[in-house]
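Enquirer: Predicted model, plus sequence, below.
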Amino acid sequence: AQKVTQAQTEISVVEKEDVTLDCVYETRDTTYYLFWYKQPPSGELVFLIRRNSFDEQNEISGRYSWNFQKSTSSFNFTITASQVVDSAVYFCALSEANAQKLVFGQGTRLTINP
Amino acid sequence: EADIYQTPRYLVIGTGKKITLECSQTMGHDKMYWYQQDPGMELHLIHYSYGVNSTEKGDLSSESTVSRIRTEHFPLTLESARPSHTSQYLCASSDWGGHGYTFGSGTRLTVV
């Protein structure tokens, strides 16, 4: 069965600090997809990134970067030079190619203080 | 421009009322989903559908029901709302490969 664990329930940092959100997943499938979503207070889910299980290249998008390591079943998300607008709840999620359902982690509430 | 629409955005309703939350998508996706989420908490899959006339219960038990008569439409119904149903309900759709999921803006339901 697929499972996603985000061990950090809440993180609070001061603006301009770097912050890493951890995500560990479990799956028996060899083909799967990993996602990160941002949920601001308004409640909608904002898609950030998708990686497939065959592509372990790290990705950088502006201040955001993602580190995918199959050896440790982790897909961590780093924000560099954090800003107050980054404050939100962040969800990691997993979709197995066979099950084709999106399963979410518990979410990490990130607060960036000015 | 949103490709998946949920209405209403907010709903406050009395106990015992019947309600239907609407979800429509314009992408031609066969697969659609309903998630329930308490504020700031984990999203739980409560229903999904792989196509017309297909509906399945999700990982979290729910008293709601769904129907899928048309590809683009996946409404969720509560026959008799209770305060325990107060939550946010998010609808989503995806392509067959599971490559990408599109979410609606959600319906925030409050039962008083």
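Expert: Right, received. Where do you want to start?

Enquirer: contacts and neighbour counts: CA atoms only from here.
Expert: OK.

Enquirer: Now the element after the helix or strand where A:Y37 lies, going C-ward?
Expert: Assigned by DSSP states H and E, A:Y37 belongs to strand A:32-39. Downstream of strand A:32-39, the next assigned helix or strand under DSSP H and E is strand A:46-52.

Enquirer: any idea how far that next one is from the chain center?
Expert: Computed by C-alpha atoms, centre = their mean, to the nearest Å, the separation of strand A:46-52 from the middle of its chain amounts to 8 Å.

Enquirer: Next: stretch B:5-17.
Expert: Counting by C-alpha atoms, centre = their mean, stretch B:5-17 is centred 12 Å from the centre of its parent chain.

Enquirer: Give me the sheet partners of the one helix or strand in chain B whose mean pLDDT sits lowest and which way each runs.
Expert: Ranking every helix and strand in chain B by mean pLDDT, DSSP states H and E puts strand B:101-103 at the bottom, with a mean of 90. If you go by DSSP bridges, strand B:101-103 pairs up with strand B:87-94 (antiparallel).

Enquirer: Find the residue ranges of the chain scoring beneath the pLDDT cut-off.
Expert: Because you didn't say which chain, this covers chain A. For chain A, no stretch has pLDDT under 70.

Enquirer: my question was about chain B
Expert: B:1-2, B:97-99.

Enquirer: Show me which residues of chain B sit near chain A.
Expert: Residues of chain B lying near chain A by C-alpha under 8 Å from any C-alpha of the partner chain: B:40-45, B:96-100, B:103-106.

Enquirer: Between those, identify the one with the most neighbours.
Expert: Counting neighbours by other C-alpha atoms under 10 Å in any protein chain shown, B:G106 comes out on top of the residues of chain B next to chain A with 28 neighbours.

Enquirer: Understood, closing this out.
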